[in-house]
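> Generate coordinates for the sequence data below:
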Amino acid sequence: MTVFHRTTILSYPVALLCILQLILPFLVANAFAPMFSNHNVHNTVLRVATAKDYDATITSCKEFLCKAAESKAEDSELVLDSLLDLEKSMRKKRKAEGDSVAEDVLKNLTGDWRLIFTTGTVDTQERLKAKINYFPIKAMQSFDATTQPMTITNGIFLGDFAVLKFFGDFQFDLVKSKVEFDFDRIVVLGFSIDLPKAGAAKIGAKTGLGSKNNVRNAEKGKAAFFNWISADGNIATARGGGGGLALWKRVQLDED
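Below you'll find the model as predicted:
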């Protein structure tokens with residue numbers, strides 16, 4: 001009787017809680033906890049919903065880009081749109097989930113990649129008055145993130161013959177998902193040449209394989225870079241220091 005007398009001065013919801021206390025004694029210590037628990041559940045649902053939103057976009061974009069990498073027949077504007085959507089969604093994912101997203105990219109980066117599609121650097125677009133799309137020749141990029149220092153190789157091939165290959169090392173910024181690299185050796189038609197500071201950047205800028213911005217950065221002691229968007233078992237995507245977007249397909253170098 002004493003308990004029911006006290007509930008008369010309380011609000012109706014609290015009175016219900018008191019009745020529940022009589023029925024379920026183990027809830028006594030946490031009678032008001034469900035209010036906070038519901039709030040936490042609501043926040044969790046929102047986070048999960050948001051995660052599902054960007055993860056769904058990422059999955060959709062990757063599926064389309066995989067098709068483009070295999071066929072080289074998908075509309076180039078749609079490929080560009082998918083690259084932009086993937087870049088935006090991966091940025092959201094990194095912000096929400098932290099360094100683990102970039103760690104996964106780095107783990108998957110090791111291997112051989114064939115350049116499939118590129119918008120070209122801003123310099124190249126201006127020079128050609130057009131955007132490059134599916135890359136017309138065999139261009140390869142190889143990474144090994146299992147060594148110290150981590151290594152990078154770029155190559156241009158005629159068939160299976162490497163006409164031009166750059167060798168260097170790279171660092172990976174987990175916060176920005178950014179690859180900073182520097183080449184110190186070039187092999188031309190089988191002849192190896194050591195490169196001076198900014199040497200690779202100057203060659204890249206003259207041939208259109210790199211950006212003039214890389215030359216300016218090298219002269220200031222800054223490394224060339226890619227803002228890496230994604231890398232998995234099938235494709236990799238990135239935005240270069242010159243502003244261009246690119247899509248690679250994972251291959252076996254000795255089999256491609």
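
> and the closest residue to residue 76 other than its chain neighbours, how far is that from residue 180?
Using C-beta to C-beta, 6 or more residues apart in numbering and skipping residues adjacent in sequence, the residue nearest residue 76 is residue 133, 3.8 Å away. C-beta coordinates here come from the backbone N, C-alpha and C atoms, glycine included. For residue 133, the distance to residue 180 equals 27 Å [C-beta to C-beta, to the nearest Å].

> For these two, indicate the residue with more neighbours.
Ranked by neighbour count (other C-beta atoms under 10 Å), residue 133 and residue 180 place residue 133 first, with 20 against 17.

> Can you read off the pLDDT for that one?
Looking at residue 133, its pLDDT is 83.

> Ok, residue 60 next?
96.

> Tell me where the stretch 1-150 of the chain has helices.
With helices called from DSSP state H, counting those that start in this stretch, the stretch 1-150 of the chain shows them at 2-7, 12-23, 33-71, 76-97, 99-109, 122-128.

> By mean pLDDT, show me the worst of those.
Ranked by mean pLDDT, those bottom out at helix 12-23, with a mean of 37.

> who are the neighbours in contact with the nearest residue to residue 179 once chain neighbours are set aside?
Spatial nearest neighbour of residue 179, chain neighbours left out: residue 226 (4.6 Å); criterion: C-beta to C-beta, 6+ apart. By C-beta atoms under 8 Å, 6 or more residues apart in numbering, the contact set of residue 226 is 178, 179, 181, 238, 239, 240, 241.

> Which strand residues bridge residue 226?
Counting by DSSP bridges, residue 226 is bridged to residue 179, residue 240.

> could you point out the longest strand in this structure?
Using DSSP state E, we find that the single longest strand of the chain is strand 161-173.

> And that one, what's buried?
Buried residues in strand 161-173, counted by 16 or more other C-beta atoms under 10 Å: 162, 164, 165, 166, 167, 168, 169, 170, 172.

> Then stretch 179-187?
Going by 16+ other C-beta under 10 Å, stretch 179-187 has these buried residues: 179, 180, 181, 182, 183, 186, 187.

> I'd guessed the fifth one sits against residue 170; true?
No: look at residue 183 against residue 170 with C-beta atoms under 8 Å: they stay out of range, at 9.7 Å.
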